[in-house]
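1. I'd like to go over a predicted model; first the sequence, then the structure.
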Amino acid sequence: MILAVSLRSMTTGEELRDFFISYTGADESWAEWIAWELEEAGYATVLQVWDFSAGAHFVTEMHKATKIAQRTIAVLSNAYLESSFAEAEWQEAWRADPTGERRKLLVFRIEDCPRPGLLGQLVSVDLFNVEAQMARTRLLEAVKLERHKPELPPNFPGQEPPRSEPAFPGMVPGSLDEAMVASGPMTPDNPWAIAFAFWDSVLRESNENLNLVITPESAGNWGELAALKDRTKESGLATGVYRPVYDVAYVKLINDVGADSPVQFITEGFPAMSMIISLVYRPELGGWRVHSIGQPLDPDDLPRSWPIHFSPPGS
């Protein structure tokens with residue numbers, strides 16, 4: 001959902017902005033990327049490279065930026081920690097909210113660097129060593145002021161993600177109508193429905209439809225759909241969905257299944273003739289997405305975006 005831009009008029013005539021992006025010159029590309037993603041989501045930012053015109057007094061502009069911005073984002077790196085100007089900028093936000101109750105200062109690390117002194121007491125978010133979509137998700141989730149309650153329930157405490165082929169429930173029905181009745185609503189919140197839409201896109205050799213149901217990270221991995229169609233066109237889709245954790249799901253695609261002979265799965269592990277569709281729940285993309293077909297992927301190997309992985313204070 002695109003957020004409304006929260007620009008309000010001050011008595012001085014200045015427009016209030018949502019975020020002042022504090023960074024050092026060595027990290028300008030990161031600062032621009034952060035500002036761009038925030039403004040695409042409907043926020044208003046102050047960014048030196050965009051807002052400070054030629055001939056302006058740098059310190060005066062920085063002072064004004066900290067006054068008109070509701071919150072400050074520190075783009076944290078080793079270079080940032082060595083900048084006296086950067087230190088003054090984040091400390092101004094700290095002074096306005098020393099307990100962090102209003103979240104006036106947000107810290108995003110763009111490389112593996114320390115968080116000394118007062119910065120070590122803040123929860124920071126890492127944007128480095130992940131794909132762009134994952135970094136975007138972390139950024140937009142972190143700037144929200146509401147609770148970070150997941151949209152799906154967490155797995156039961158103590159349950160470990162699967163490290164070997166798990167058992168699957170369900171069966172391959174004798175008809176498509178039976179499959180749809182058995183597998184629930186055809187919505188983005190139903191992993192079986194997305195698995196079916198994925199398979200249908202393959203059978204129709206429709207890259208356009210395929211792109212609607214796959215993860216962005218897997219977009220270049222599918223090759224020619226005709227080849228995948230040849231491998232799967234005689235298959236059946238199991239109605240059972242296995243979810244080892246709340247944001248990962250697996251659906252079986254079984255080869256050589258006749259329409260008149262449904263296959264019931266009652267044994268441990270995957271049948272030898274099966275291929276597994278691995279799905280991951282991506283709230284920022286609207287629901288479940290397919291990431292691979294073939295061997296089931298470990299949850300840790302999927303591009304998961306929830307829960308957001310924060311760096312705890314002191315790390």
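-> Sure, I can see it.
2. so how far is residue 280 from residue 70?
-> Here residue 70 is placed at a distance of 33 Å from residue 280 (CB to CB, to the nearest Å). Placement of C-beta: from N, CA and C, glycine included.
3. So which of the two has more stuff around it?
-> Remark: of residue 70 and residue 280, residue 280 carries more neighbours, 25 against 16, as counted by other CB atoms under 10 Å.
4. my guess is that one meets residue 287, correct?
-> No. Counting by CB atoms under 8 Å, residue 280 stays clear of residue 287, with 10.4 Å between them.
5. Strands of the stretch 51-200 of the chain, start to end?
-> Here the stretch 51-200 of the chain has its strands, by DSSP state E, counting those that start in this stretch, at 69-76, 105-109, 124-126, 171-172.
6. remind me which residues of the stretch 101-250 of the chain are low pLDDT?
-> 148-182 (pLDDT under 70).
7. Would you map out the domains in this protein?
-> Here the domain parsing of the chain from automatic domain parsing is 17-143, 171-301.
8. And the first one, end to end?
-> It stands for domain 17-143. Chord length of domain 17-143, first to last residue, is 14 Å (CA to CA, to the nearest Å).
9. Could you list the buried residues of the helix or strand harbouring residue 39?
-> Secondary structure from DSSP states H and E places residue 39 in helix 28-40. Under the neighbour-count criterion of 16 or more other CB atoms under 10 Å, helix 28-40 has 30-31, 33-35, 37-39 buried.
10. can you check stretch 123-130 too?
-> Here stretch 123-130 shows 124-127 as buried, counting by 16+ other CB under 10 Å.
11. just the CA coordinates of that stretch, formatted as CSV?
-> The C-alpha atoms that make up stretch 123-130 are tabulated as CSV, following Å, rounded to 0.1, in the frame of the first residue of the first chain:
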residue,chain,number,x,y,z
VAL,A,123,18.3,-1.3,17.4
SER,A,124,19.7,-1.0,13.9
VAL,A,125,18.8,-2.6,10.6
ASP,A,126,21.3,-4.1,8.2
LEU,A,127,20.8,-3.4,4.5
PHE,A,128,24.0,-5.0,3.2
ASN,A,129,24.7,-8.5,2.0
VAL,A,130,21.1,-9.0,0.9
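12. Just give me how far it sits from the chain centre.
-> Its chain's C-alpha centre and that of stretch 123-130 lie 12 Å apart, by CA atoms, centre = their mean, to the nearest Å.
13. Then stretch 207-222?
-> That offset, for stretch 207-222, works out to 16 Å (CA atoms, centre = their mean).
14. Flag every buried residue along it.
-> Those would be 210, 213-218, 222, for stretch 207-222 by 16+ other CB under 10 Å.
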